[in-house]
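>>> sequence and predicted structure below; questions after.
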Amino acid sequence: MSSRTKAGLSYLLVALAALLPRIIALGQFITIDEADGWMVRSARFLRAITTGDLATTAQSAHPGVTTMWLGAMGILVRNALIARGMVDSADFTARLGLMQLMPALVNSLAVVAGFWLLRRLLASRIAFLAAMLWALDPFVIGYSRVLHVDGLMGSFATLSLLAACVFWESGVRGQESGSAHRLPTPDPRLPTPDPRLPTPDPRLPTPDPRLLIASGILAALAVLSKSPGVALVPTVALLVVWSARRAGWPWQRVLRDLLIWGGAATVAALLIWPALWAAPDMAFTKLQAGVTEEGGEPHQSGNYFLGAATSVPGPLIYPVSMALRLTPWTMIGIGLLGLLWRRTRPADRPVLGAAALFAIILTAELAVFPKQFDRYLMPIFPALDILAAAGLWAAVDLLRGARARAAAVSALLLAAMINVAWWHPYGLIAFNQLLGGTTTAEWALRMGWGEGQQEVAAWLNQQPDIGEVVTVSTSASTLRPYIRPGGAVEFPLPDGSLPEHAGYVVTYLRSWQDGNGLPEPFRTFAATQPPVYTVQIKGITYAHVYEVVREPQHELRAAFGEDIALQGYDLTSDVGALNLTLHWATASAPPDVSLFIHLLGADGQRQAQADLPALTAGWEGGRHYYTRISLPLPANLPSDTYRLVIGLYDPQSFARLPLAEGSPADPAVAGPDALLVTTLSR
């Protein structure tokens, strides 16, 4: 196989590893920040662009400009598909999925571009492993497939750093090689070169200034994604100073390169974020708020760290988060790199040092601010994957034989693929199995960002009364989009009481970790009754669903067979009909039965009747159900005293279920096992 074919195959493998886990099953759940922020901001951003109101492109303090551009593109794609009849306008999963698709594609492309840059910096085998670890990092994948800022900042920052490394390393390597490759015959007409400086090797490529410009543009994209991307500024400054010392460049060149890099970043920022020139005061006010309000204050809903609620976890949160978010092999690889540093190629060490430097600077920057979450550390993980790849290859090189080394790397990549499949589509909750995985993470870090709410909705959508009641949730915004039409999801009333027609109460993991405990009315439900449904993902309990047991207008205790109990009823009348709501409770999953309702006159004659087939279809044990049925009345119904009776029967044999408890109607007129509900006068 030729080297070109091998290179093409490696690019294909990296592209597939990056793309597939980032685009499969998008839109399956929505994060809190997407529901409460980025979907709406993207729509406003698009409106600002299309109407020419460029000042209002300053939507967020993050500032999240790249996120909003990509979200707006997703909206345009969706609108085009709707116009062609390819997407249902009411399909929320498609709406969210198309908005998430845009950052997923950009982040996938970033991995491939990163591989291209890594091949110019590292040994090709290390570059391939580094790109694959980056592509198959479930934590990175999780944030690469949501409409958010951290994944984009990480992609752009990593590419900016790598492009800068390629630019300056090509210059350094050219200078360093000059001492071994002097020009054979100096031209006497040219000035005599300084003998203290190495002579460049004319056979080596000179630094490509386009890479320096690209690095600046990518840095702007990183900062416009999320302001902590400014960590690139000291990183790049130290990188060029370090390169200058190694190559013996004059300070004028250092200053020139930094000015080009900074100029490219500035021009790119002005072009990408129209608010910077349309309303610079508004844009900089947003950026300032991102530092003083967003980052400078603890999270408004509190935080959680090492088993306790806290407003500010402290700087320890980031080393703990890093350890828990690493995959087992990246953690081992980074450890091996420290042990086997001397076995790495000297030519590979500068980029490894730059990756470590960026990770350290960004982590230190984040630790200064009181608003702290583990996801804020995500942008350093591509750099950590690069470091891990170098450490793992240093260890693999200790094996004897090419087959043994190939088998070791193949096994590692297979494990990485299986790990991605295991967590998918919940890369957001991927934690290091060597440190206890989700069990440790649930104790150590705040969790619950919307995962599992679609499973809550799927269960609620199967309930026969979901279109008639209100579901009350601690995290309504991430549940509401998945409830079927007719259903409603709300927060409780300001006084902590349930809104009218409340039928279900949902508590979510995020609220359990609040230091104040569950607010009312959720606290009462959690303390007084078992949930009727629980969502667990990878061993973590994410949500509990509780029934709201509605009090009947009229209490009436009865039992049909061993499994079905009647607790009461509601009765109203309209012109020409009686409206009856029966309140049921089940001890265990009941058999399939049908319901009959008869209205009997004083003479025992049946004046009206209604049957409800498959009454108990889908009923579960330990639940409450509410049957609403309208009984049409004859137009010429005379004034009389009437008895309203009900019963349950097998739809196949028509045999009635025994009335085990309750006041039976007269079997001579109502038949056996009929319950007298009430007597009416007309």
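Received, thanks.

>>> so who does Leu159 touch?
Leu159 makes contacts with 110, 113-114, 117, 215, 218, as judged by C-beta atoms under 8 Å, 6 or more residues apart in numbering. C-beta: built from backbone N, CA, C; applies to glycine.

>>> kindly report the same for Gly97.
26-27.

>>> likewise Ser89?
Ile82.

>>> over to the one 5 residues further on?
With contact taken as C-beta under 8 Å, 6+ apart, Ala94 is in contact with 27, 78, 81, 87-88.

>>> follow-up on the earlier one: and the contacts of Leu159, which two are furthest apart?
Based on C-beta to C-beta, the longest span within the contacts of Leu159 runs between Ala110 and Ser215 and measures 13.7 Å.

>>> ok, the two, which is more surrounded?
For Ala110 versus Ser215, neighbours defined as other C-beta atoms under 10 Å are more numerous around Ser215 (29 against 24).

>>> who touches that one in this structure?
So Ser215 contacts 159-161, 163-164, 167, 236, 261, 264 (C-beta under 8 Å, 6+ apart).

>>> ok, Ala356 touching Leu387?
Yes. Here Ala356 reaches Leu387: they are 6.2 Å apart, a contact under C-beta atoms under 8 Å.

>>> higher neighbour count, the two?
Shown here are Ala356 and Leu387; by other C-beta under 10 Å, Leu387 has more neighbours (24 against 17).

>>> residues contacting the more buried one?
333-334, 337, 352, 355-356, 359.

>>> helices - which of the residues you listed land there?
333-334, 337, 352, 355-356, 359 (DSSP state H).

>>> ok, Met99 to Pro328 distance?
33 Å (C-beta to C-beta, to the nearest Å).

>>> go on, Glu500?
52 Å.

>>> who has more neighbours, those two?
Pro328 (15 against 8).

>>> excluding chain neighbours, what is closest to the more buried one?
Leu434 (4.6 Å; C-beta to C-beta, 6 or more residues apart in numbering).

>>> one more: Leu599?
Using C-beta to C-beta, 6+ apart, the closest residue to Leu599 is Ala608 (4.1 Å).

>>> and what of Ile317?
Gln372 (5.1 Å).

>>> wait, Thr541 touches Leu509, no?
Yes. If you go by C-beta under 8 Å, Thr541 and Leu509 touch, sitting 6.8 Å apart.

>>> give me the pLDDT for Pro193.
We have a pLDDT of 47 for Pro193.

>>> state the distance from Ser227 to Met153.
Applying C-beta to C-beta to Ser227 and Met153 gives a distance of 9 Å.

>>> so which of these two has more stuff around it?
When Ser227 and Met153 are compared for neighbours, Met153 comes out ahead with 30 against 23, by other C-beta under 10 Å.

>>> does that one sit in a helix or strand, and which one?
helix 150-178 (DSSP states H and E).

>>> what's downstream of that helix, the next helix or strand?
By DSSP H and E, the next helix or strand past helix 150-178 is helix 209-225.

>>> buried residues in the next helix or strand along the chain from that following helix?
Using DSSP H and E, the helix or strand that follows helix 209-225 towards the C-terminus is helix 232-247. Within helix 232-247, the residues that qualify as buried are 232-233, 235-236, 239-240, 242-244, 246-247, counting by 16 or more other C-beta atoms under 10 Å.
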